[in-house]
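# predicted coordinates and the sequence they were generated for:
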Amino acid sequence: MKNPLLYVDQYEALGIAHEERHFNLAKVCWELLVREGYINFGCVSIPRPLARTGGGSKTIVVIGAGVSGLASARQLETLFQIFSERFKEEVPRVVLLEARGRLGGRVYSHKLSSPATEGDFPKEARSAVDLGAQIITGFAKGNPLSTLLVKQLGLPIHFLSVHNITLFDSNGKMVVPDMDSRAELLFNYILEIASQFKSKENRCNGKRVVEGDKNMVDAGIEPKSEGGRVIAKIEDNEAMIPRMEDHTEGEMKEIGEMEEGERKEKEKKSHHTDPISVLQKMGFQVKGNVSVDTNFEDILSKQNPTLGFAMSRILSEYGSLTDLTDLDMKLLNWHYANLEYANGTNLSNLSLYHWDQDDGNEFKGAHAMVKGGYSILPHALAFVPTPLEIRYKTIVSGISYNDKNAVIYCEDGTMFNADKVIITVPLGVLKKSCIQFNPPLPEWKTQSIRRLNFGLLNKVREKEEKGHLRFMFNLKQIILVYDTAFWDVNIDVFGSLREPDNNGVYDKNRGRFYIFWNCIKTAGQPVLLALMAGDSAIQMENETDNELIREATKILKNIYPTKKVPYPKETIITRWGKDRFCYGSYSYVGPEASGKDYDIIAKPVENTLFFAGEATCRTHPATVHGAYLSGLKVAQLVLESLIGPLEIPTNEPLIPLKQRGTTEATSGVKRKAQDNYKALLAEFKDAQLEKHNQEVEKVILERLGPKPSAPQRSTGNPFLVFQKSQWNHCKDIADRNKRKETGNPEAKATKNEIRATLGRTWRNLSEEEKKPFFDIVATNRTNFSNLIEKYNTIIHEYNIKTEEIKAEMKAKLDAMPISQEELELKRLAKEQDIQEKKIKAEKKKERDLFEDELSDSFDDDYQDNLRNDPSYRAATYLKKT
């Protein structure tokens, strides 16, 4: 949609149909798009239905006012208004119960104590930092948040640029980029090998089988992330990931039918590249006369193996081929920490087979942050276009339910009766059984809740093609606020390496202050965010604020020895793991879990209990847009439980056959938005002009009288003069002839017979007999010439006087002051124009960023194939012209 602020009604859907026979299809498509949340979602004003008399309404209770809860409540309000005629009583009432005293859940922007100091920071934005969700991943077409935040709310956005992250050693010295690139190649190679050990189910589904980084190394491509660092373009990674070269789709099906031993034997032969040549191409010195076991039977034979176990085994084998330096190990473990941060847990807690089950569903485009904080999103959902009914500090302790309704019990003793309940509490709350269900939830759901795990960290959710990187929800942070920035304010992020513990083990410390975010462009003042990953995040839960701040300051002083690094003037430290209303940050796939568990948790119980939240969104778990999409989905399910599913006509074709000889073209049905002030201003001016013109016409009529009429031209055809004068005579002749022919004394001639008689009579006249009629025509012409000359003189004088009156009235109109109504409309129209230009500029910026990323992602072979595509050539031609 060009303007997602406008409500699209059913009649507009009909208006885009080219023929009337397409109306049924247009109706079905419109309702499908509305129900699924593709149109009329978010902060759109919907015309309210007329109040009904008699009969109470149903009640829908939403537990949790996070993004998923607010999205479901807002979408239900929209759907109930759109489909109000489907209800026999008043539309259902929607009530949100929120345990906290604020909105947003894990989306929370903390307002800083001091105002913004950056000159280019938007004046309308407050100075705040996000203590929860922070990054909007894949900010392009398809992501509903790009529509909500930019096109509907018009918020200022900062697009992130994190392609080459500078890393600093534990001693504060900058790491040589070549050393980091080599370590990153090794990390990617290990992860690629580990990614081969997929479950039989995934192989049979045609998942891509990775054969190590042989293609990447041969091509000399340096990856952009894990591979991809903290933020990288997904399109860049497409060129890096090898395609299936040894297995066609048919062969993949055969693999699924093999006996287990035969399958393993084929894997031994096919899915590893020579590690020695790979390490040499990376730049490592390989030892002589050293062999390694590349079969990894212990990984395949282990029940529910973890990603961490597999990567440790691969590193132990391949690492023995070369002497890895201390710096190599620190760099390698930095990338391990980044992957742990991406998943919110130690790699040993992740399922080897399913940890990246949502791979391939990421939204493309640049990643972004909201200037002034992410919290504007939940607040907008709660209050725009009308406030939702929200009960704050209402902690739900139990739910009794059956297949018809439910009773919700709260800690303060209050109870709520509901026809439907939408439960959007975090997975951590469900795992802790903070809400007691009566009867208990079915085992099929509780087992999935048990299998899926809940991380303490921010999720770096948007992964690379092989799951190297997920993009983040910064739920484990140390916020450091300063008066002056001592770091490079033009970069978004920099990293820090960690030393091993006294036993030479990196696992416990590698994620400790491993990365710092520069938030000066989003907070409006000098702010750094220090992040924790893996086991370090768990350790942090039990450390004091002063200990953490001192350690962060020491690290920063090592990195910037020539700068004055003071203690921060303001600090905030998050400990979401101890928060009783979430017990962590987001879900991840544990060793026993799979992607199916997300679907099972989302499944309703007894058609009364419905579930939403990031842990119910299989395609986009651990993201804000995943939470929002789950809210749209559950709203659709609740609506369907109340009014039934989408009805598709079965008694007649959806598109009837076109009937020959009929024209069915229809014109578009247009409507004007109530908040389109430019259109309202134009209508106001048109109305004022119409009123003025009517007043002018009234004065002209009073002073000059009616406008003189032009004389009517007489006929110039002598036969028509003859016909007019001789019609009755010729009619009598035609009647006599008719009676004589028919023998009927009452017979009368038809008009055509009379005209035939006139024609014969005229042709039989002599020239002398015709002359009088020619003379009449000549006289008429002379008289008309005299009349028209006189008329021209009169009308000329009349027009002069008319223009004088119009000029007089125009002068009076111009002298009158502009009304307050017009002034207000002009002001609003100007603001609308500015906002539209702003949105257009942001959209162009977004499109340019997306096109840049997309163009960077194509390798030469793909570009050649694409250029040969007719659609691409046509699009390129249209763009140029």
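All right, it came through fine. Numbers count the residues shown, from 1 in each chain.
# just the C-alpha atoms of stretch 535-547, please, in PDB.
Output of stretch 535-547 as PDB, limited to C-alpha atoms (Å, rounded to 0.1, in the frame of the first residue of the first chain):
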ATOM      1  CA  ASP A 535      28.300 -18.100  30.700                       C
ATOM      2  CA  SER A 536      29.500 -14.600  31.400                       C
ATOM      3  CA  ALA A 537      25.900 -13.400  31.400                       C
ATOM      4  CA  ILE A 538      25.000 -15.900  34.200                       C
ATOM      5  CA  GLN A 539      28.000 -14.800  36.200                       C
ATOM      6  CA  MET A 540      26.900 -11.200  35.800                       C
ATOM      7  CA  GLU A 541      23.600 -11.900  37.600                       C
ATOM      8  CA  ASN A 542      25.400 -12.300  40.900                       C
ATOM      9  CA  GLU A 543      28.000  -9.400  40.600                       C
ATOM     10  CA  THR A 544      27.500  -5.900  42.000                       C
ATOM     11  CA  ASP A 545      27.100  -2.900  39.800                       C
ATOM     12  CA  ASN A 546      30.300  -1.300  41.000                       C
ATOM     13  CA  GLU A 547      32.300  -4.400  40.100                       C
END
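# so which bits of that stretch are buried?
Across stretch 535-547, burial judged by 16 or more other Cβ atoms under 10 Å covers 535, 536, 537, 538, 540. Placement of C-beta: from N, CA and C, glycine included.
# out of those residues, who's nearest residue 527?
residue 540 (19.0 Å; Cβ to Cβ).
# distance of that closest one from residue 453?
Separation of residue 540 from residue 453 (Cβ to Cβ, to the nearest Å): 19 Å.
# do residue 617 as well
Per Cβ to Cβ, residue 617 is found 16 Å from residue 453.
# can you lay out the buried residues of stretch 535-547 as CSV showing secondary structure?
Formatted as CSV, those follow (DSSP: H, G, I helix; E, B strand; the rest coil):
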residue, secondary structure
535, helix
536, helix
537, helix
538, helix
540, helix
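# now tabulate those residues in TSV and tack on distance to residue 331 and pLDDT.
Output for the buried residues of stretch 535-547, formatted as TSV (distance: Cβ to Cβ, whole Å; pLDDT from 0 to 100):
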residue	distance to residue 331	pLDDT
535	19	89
536	17	89
537	21	85
538	23	84
540	23	84
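# and the pLDDT at the residue nearest the centre of the chain?
Centroid check for the chain by Cα atoms, centre = their mean gives residue 144 as the closest residue, at 1.9 Å. Listed pLDDT for residue 144 reads 95.
# just the element for the nearest residue to it once chain neighbours are set aside, please.
Counting by Cβ to Cβ, 6 or more residues apart in numbering, residue 144 lies nearest to residue 628, which is 5.8 Å off, once chain neighbours are set aside. Element membership for residue 628, per DSSP states H and E: helix 624-643.
# mind listing what's buried in that helix?
624-639, 642-643.
# same question for stretch 42-49.
For stretch 42-49, by 16+ other Cβ under 10 Å, it's 42, 43, 44, 45, 46.
# for the first one, give its distance to residue 93.
Using Cβ to Cβ, we find residue 42 at a distance of 21 Å from residue 93.
# cool, residue 447 as well?
Taken as Cβ to Cβ, the span from residue 447 to residue 93 is 34 Å.
# ok, residues contacting stretch 164-184?
Stretch 164-184 has contacts (Cβ atoms under 8 Å, 6 or more residues apart in numbering) with 222-223, 226-227, 229-230, 282-284, 327-328, 330-332, 334-335, 491, 493-499, 515, 557-561.
# quick one: which of the residues you listed sit in strands?
Secondary structure from DSSP state E places 493, 494, 495, 496, 515 of the contacts of stretch 164-184 in strands.
# buried ones among those residues?
Here, 16+ other Cβ under 10 Å leaves 493, 494, 495, 496, 515 buried among these.
# residues touching the last one, list them.
With Cβ under 8 Å, 6+ apart as the criterion, the residues that contact residue 515 are 165, 230, 338, 341, 493, 494, 495, 496, 530, 531.
# what's the closest non-adjacent residue to residue 379?
Closest to residue 379 by Cβ to Cβ, 6+ apart is residue 103, at 6.0 Å.
# count the residues that sit near that neighbour.
24 (other Cβ atoms under 10 Å).
# what's the answer for residue 81, then?
Count around residue 81 with other Cβ under 10 Å applied: 16.
# nearest residue to it in space, please, no chain neighbours.
Residue 81 sits nearest to residue 46 (Cβ to Cβ, 6+ apart), 4.5 Å away.
# look up how far residue 91 lies from the one you found.
For residue 46 relative to residue 91 (Cβ to Cβ), the value is 11 Å.
# related to what we said a few turns ago, neighbour-wise, which of residue 617 and residue 453 wins?
The neighbour comparison of residue 617 against residue 453 (other Cβ under 10 Å) goes to residue 617, with 27 against 23.
# the more buried one touches residue 632, doesn't it?
No: judged on Cβ atoms under 8 Å, residue 617 makes no contact with residue 632 at a distance of 10.1 Å.
# follow-up on the earlier one: can you pull the contacts of the residue nearest to residue 144?
67, 68, 71, 144, 145, 148.
# okay, it: pLDDT?
98.
# all strands of the stretch 1-150 of the chain, in order?
Remark: strands assigned in the stretch 1-150 of the chain by DSSP state E, counting those that start in this stretch are 59-63, 93-97, 109-111, 128-130.
# before we move on, what about the stretch 551-700 of the chain?
Ranges of strands within the stretch 551-700 of the chain are 570-573, 586-589, 609-611, based on DSSP E, counting those that start in this stretch.
# what's the least confident stretch among the ones you listed?
Taking the mean pLDDT of those, strand 586-589 comes last: a mean of 87.
# summarise which helices and strands that strand is packed against.
strand 452-455 (3 or more Cβ pairs under 8 Å, 6 or more residues apart in numbering; DSSP states H and E).
# and the next helix or strand past the strand it packs on?
strand 477-481.
# need the contact list for the nearest residue to residue 427 once chain neighbours are set aside.
The shortest distance from residue 427 to any non-neighbouring residue, by Cβ to Cβ, 6+ apart, is to residue 615 (4.0 Å). Residues near residue 615 by Cβ under 8 Å, 6+ apart: 426, 427, 452, 454, 586, 587, 598, 601, 621.
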